[in-house]
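In: Need coordinates for the below:
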Amino acid sequence: MRELSLHILDLVQNSIEAGANKVTLEIIEDIHTMDTLMIRVTDNGRGMDEATCKNVINPFVTTRTTRRVGLGLPLIHMSTERCQGYLTVTSTLGCGTVIEALYQHSHLDRPPLGNIVETIKSILIANPELYFSYCHTVDQTVFSLATQEIIEILGDLPLTQPDVLVWLDEYLTHNVMNLYNSRNLHGGV
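Out: Numbers count the residues shown, from 1 in each chain. A predicted model of the protein is given here:
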């Protein structure tokens, strides 16, 4: 995958398919101190036993019954290693899973974050029943959002209502861009 936002979409989809109704996405860009970009997806899905957890980066190991190959985690694992980072998968059967991918932020081979705004919108719109929270940090600047907050603000209005979609796009775009503008950074999103 050419953009990390597509990996994020895949990771969240994996969580949902594992029965999660709560997913947290954290993106931490420590550009000036550690030169790292970390993506962490935490869910409350079925989780995996220890043997499955150890083999999950093997493309020929998948828990899906619709296909025999699972490329999402092997691809992100390969990209983290290529960028002097790592992928960790921590899971407890019946409790959920934590996927953490770390990249050297300045590495030439690090895929761009991509369109994180469209990724977040896609997750929210396609999964209205999902309790989803998103926290994005760039150095010391933080933006966070949780579906519970949006639902409280909107009341009975669905996320798919056209005016809500426009608002959501503008709100996310403004706040994500502020993460980078507050440090006078160029690029990123």
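In: so what pLDDT did the residue lying farthest from the centre of the chain get?
Out: Each residue of the chain has a distance to the centre, and by CA atoms, centre = their mean the biggest one is for residue 156: 27.0 Å. Turning to residue 156, the model gives it a pLDDT of 86.
In: now swap in residue 131 and tell me
Out: Predicted confidence (pLDDT) for residue 131: 96.
In: Can you give me the distance of it to residue 85?
Out: 28 Å (CB to CB, to the nearest Å). Bear in mind the C-beta positions are built from the backbone N, C-alpha and C, glycine included.
In: the bottom helix or strand of this structure by mean pLDDT?
Out: helix 50-55 (a mean of 86; mean pLDDT, DSSP states H and E).
In: Report all helices and strands that that helix contacts.
Out: Helices and strands touching helix 50-55, by 3 or more CB pairs under 8 Å, 6 or more residues apart in numbering; DSSP states H and E, are strand 86-92.
In: which ones are touching residue 181?
Out: Not one residue lies near residue 181 by CB atoms under 8 Å, 6 or more residues apart in numbering.
In: do the same with residue 49
Out: residue 93.
In: about what we covered before: give me the more crowded residue out of residue 131 and residue 85.
Out: residue 85 (22 against 15; other CB atoms under 10 Å).
In: doesn't residue 100 make contact with the more buried one?
Out: No: with contact defined as CB atoms under 8 Å, residue 85 does not reach residue 100; the gap is 9.8 Å.
In: for the protein, which helix is longest?
Out: When the chain is parsed with DSSP state H, its longest helix is helix 162-181.
In: how about it: buried residues?
Out: Of the residues in helix 162-181, 164, 167-168, 172-173, 176, 179-180 count as buried by neighbour count, 16 or more other CB atoms under 10 Å.
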